[in-house]
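> Could you work out the structure for the sequence below:
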Amino acid sequence: MRLFFQELVNGVTTGALYSLIALGFSMVYGVLKLLNFAHGDLYMVGAFIGFFVIQWFGGAAHLTIPVPLLLVIMFVLAAGVVGGLGVAIERFAYRPLRDAPRIAPLITAIGISFFLENAALLLFGAQYRIYNTSEFISFSSGIQIGSVNIDSVQIMVVVLGVALMIGLRQLINRTTLGKQMRAVAADREAAEMLGINVNFTIAATFFLGSALAGVAGVMAGLLFNQVTNTIGFIAGLKAFTAAVVGGIGSIPGAMLGGLLIGLAESFVTGYISSTYTNLIVFGVLIVVMLARPSGLLGQAQLQKV
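Numbers count the residues shown, from 1 in each chain. Next up, the predicted model:
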C-alpha cells in the first residue's frame, strides 16, 4: 500500500504537468483545428528560462534574493517570454497558412519544433543543465502521511497546476475574451462578421496556451532537476496523447487526460518497469481511440454539408 500511495502522488504530480501542456494543444486545436507540434518545445524553452533565472541571481547555492521572489520571477518570466514566443510563431508561421490545406500548417508545426530544438542546441549546448532544486528548496519540508512522503516541490506543482487550470476554466467561461474564443472556435467566419477581432483572439489563445507550457517547463525543472534541448519532444508527445485521450478541444478533457497519462506512467514505472512506460501510455491511447474516437470528454464533430 505504501508503494501504491507513493506512486499515486507521483502520478498526480506528473499528470498536473501533462495537463498544463495538454491545455495548450486543446486550446489551439479548438480555435484553429491545428495540431501545434511545436508546443512541447515551448515547454523546453520555459525550463531553460527557469534555469537561467537561477543563475542570474547567484546560482542555486548562493541566491541573492529570497526563494519565494525567485519562484515568482521564474514563473512570470517563463510565462511572459514563452507566451510571446507562441504569439510570434502564430503570427509568422501559422497565420499566413490559415486558409491553406490542413497539411501545410501541420508540416510547418513540425518544422518549428525542429527549429526550436536545434536552436536551443546551438545556443545552450547538448549537456544537461541542473537546477539543483534541493539547494534552495528543502525536499524534507513537505508532508509525511504514514510512510508516504509528499515533498514541497510536488505540493507546489500540484497546487499551482490546479490553480492555473481552474483560472483558465473561469477565463474561458466567464470573460469576454473567453466568449470570443468560444465563438471563433464554433465558426470563425461568423465570429468575424459579428465584429470579433479574430486575429487578436487567436493570438491571445496562443499566448495563454504557450504561457502554460512555459510555466510547466519551470515546474518540470524544479521537479526533475534537469533540462536539455530534447525534453520537449517526449513531454509534448505525451501531452498530445493526454489531450487526445481526454478529447482534444475540450479543456476538462485535457485536464482528465493529463491526469490519466501521469497516473499510468507512474504506476507502470512503480509496479512493472520504466522500460515499458511508453508502451503502456500509448497503449492507453489506442484503447481509448478504439472505444471512443472523440476522447473521454470530447464530442463528435458535426460535418458541414
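> So which residues of the protein form strands?
129-130, 143-145, 148-150, 226-227 (DSSP state E).
> how about low-confidence regions in this protein?
Along the chain, the model assigns pLDDT under 70 to residues 139-140, 300-305.
> In contact with the nearest residue to residue 240 once chain neighbours are set aside, which residues?
Once flanking residues are discounted, residue 240 sits nearest to residue 25: 5.5 Å by Cβ to Cβ, 6 or more residues apart in numbering. Every C-beta, even on glycine, is put in place using the N, C-alpha and C of the backbone. Residue 25 is in contact with 35, 36, 39, 209, 239, 240, 243, 248, 254, counting by Cβ atoms under 8 Å, 6 or more residues apart in numbering.
> try residue 118
residue 229 are the contacts of residue 118 under Cβ under 8 Å, 6+ apart.
> can you give me phi and psi for residue 128?
Main-chain torsions, residue 128, degrees, to the nearest 10: phi -70, psi 140.
> Can you get me a residue count around residue 155?
15 (other Cβ atoms under 10 Å).
> One more: the one 4 residues further on?
Residue 159 has 11 neighbouring residues, counting by other Cβ under 10 Å.
> right, and residue 95 touches residue 199 too?
Yes. Counting by Cβ atoms under 8 Å, residue 95 does reach residue 199; the two are 7.3 Å apart.
> Quickly list what's touching both of the two.
With Cβ under 8 Å, 6+ apart, residue 95 and residue 199 have no common neighbours.
> hmm, back to that, relative to residue 14, which of the contacts of residue 25 is nearest.
residue 239 (10.9 Å; Cβ to Cβ).
> With adjacent residues omitted, what lies nearest to that closest one?
Once flanking residues are discounted, residue 239 sits nearest to residue 21: 3.5 Å by Cβ to Cβ, 6+ apart.
> What is the burial count for the residue nearest to residue 32 when sequence neighbours are not counted?
Of all residues not flanking residue 32 in the chain, residue 202 sits nearest, at 6.4 Å (Cβ to Cβ, 6+ apart). Under the neighbour criterion other Cβ under 10 Å, residue 202 is assigned a count of 25.
> from what I can see residue 202 touches residue 91, true?
No. The pair residue 202 and residue 91 fails to qualify as a contact (Cβ under 8 Å) at a distance of 9.5 Å.
> Count the residues that sit near residue 101.
8.
> quick check, distance from stretch 8-17 to the centre of its chain.
13 Å (Cα atoms, centre = their mean, to the nearest Å).
> Same check on stretch 177-188?
Offset of stretch 177-188 from its chain centre (Cα atoms, centre = their mean): 22 Å.
> buried set for that stretch?
The neighbour-count check on stretch 177-188 (16 or more other Cβ atoms under 10 Å) flags 178, 180, 181, 183, 184, 185, 188 as buried.
> Please identify which of those is nearest to residue 284.
residue 185 (26.6 Å).
> For residue 173, see how far away that closest one is.
Distance, residue 185 to residue 173, using Cβ to Cβ, to the nearest Å: 13 Å.
> cool, residue 71 as well?
28 Å.
> Please say which of those two ends up with more neighbours.
Looking at residue 71 and residue 173 with other Cβ under 10 Å, you find the greater number of neighbours at residue 71, namely 18 against 11.
> Report the contact partners of residue 116.
Residue 116 neighbours (Cβ under 8 Å, 6+ apart): 38, 41, 42, 44, 45, 232.
> what's near enough to touch the nearest residue to the last one once chain neighbours are set aside?
Once its chain neighbours are removed from consideration, residue 232 has its nearest residue in residue 44; the separation is 3.3 Å (Cβ to Cβ, 6+ apart). Residue 44 makes contact with 116, 117, 120, 217, 227, 229, 230, 231, 232, 235, according to Cβ under 8 Å, 6+ apart.
> Test my guess that residue 263 contacts residue 12.
Yes. Between residue 263 and residue 12 there is a contact under Cβ under 8 Å: 7.1 Å.
> list the contacts for the residue nearest to residue 86 when sequence neighbours are not counted?
Once flanking residues are discounted, residue 86 sits nearest to residue 210: 2.6 Å by Cβ to Cβ, 6+ apart. Shown in contact with residue 210 (Cβ under 8 Å, 6+ apart): 24, 39, 42, 82, 83, 85, 86, 87, 89.
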